[in-house]
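>>> Based on what follows, work out the 3D shape:
(one chain, ligands or ions: 1)
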Amino acid sequence: MTDMADPYYAERKQHKREADWLHACVYANYCIPTKCTCGEAITADTDERGRNYYVCKVYEDDRLHTRHDCLAAIEEELKELKSQYDYEVSLRRKLQYEIVQMRKDIEELKKLCYF
Ligand SMILES: [Zn+2]
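Numbers count the residues shown, from 1 in each chain. Now for the predicted structure:
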């Protein structure tokens, strides 16, 4: 049982908030953003050249807000999904191999039990 009034837990919680915030800041311009580093929502915008951007709702050009090219964001997102897919496929193959091994073990055990 933890004592939530203990300053240790309040400090730990604060560290977790800071770590989450740093993660959001580090990946602010990678993949499709879901929230700006300032905490505001993200919207889509088009510049005078017709390029599309994911941009903070209260964007100002002071490097404190997110403004990320849509095409680059989608390419990054696709790269991440491919990487995740590769991992899932390799995990599935590993599990299928383990199932085959376990079936063999079960057959061996059955032979030992019934003969
Ligand atoms: Zn912002």
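
>>> Residue 86 versus the most centrally placed residue in the chain, what's the distance?
Residue closest to the mean C-alpha point of the chain, counted by CA atoms, centre = their mean, is residue 80 at 8.8 Å. As judged by CB to CB, to the nearest Å, residue 80 and residue 86 stand 11 Å apart. C-beta coordinates here come from the backbone N, C-alpha and C atoms, glycine included.

>>> For burial, what's the neighbour tally of residue 35?
By other CB atoms under 10 Å, the residues close to residue 35 number 13.

>>> and what of residue 31?
19.

>>> Would you agree it is in contact with residue 78?
No: Residue 31 is beyond contact range of residue 78, at 9.3 Å (criterion: CB atoms under 8 Å).

>>> where's the residue nearest to the centre of the chain relative to the ion, distance?
Applying CB to the ion, to the nearest Å, one obtains 22 Å for the distance of residue 80 from the ion.
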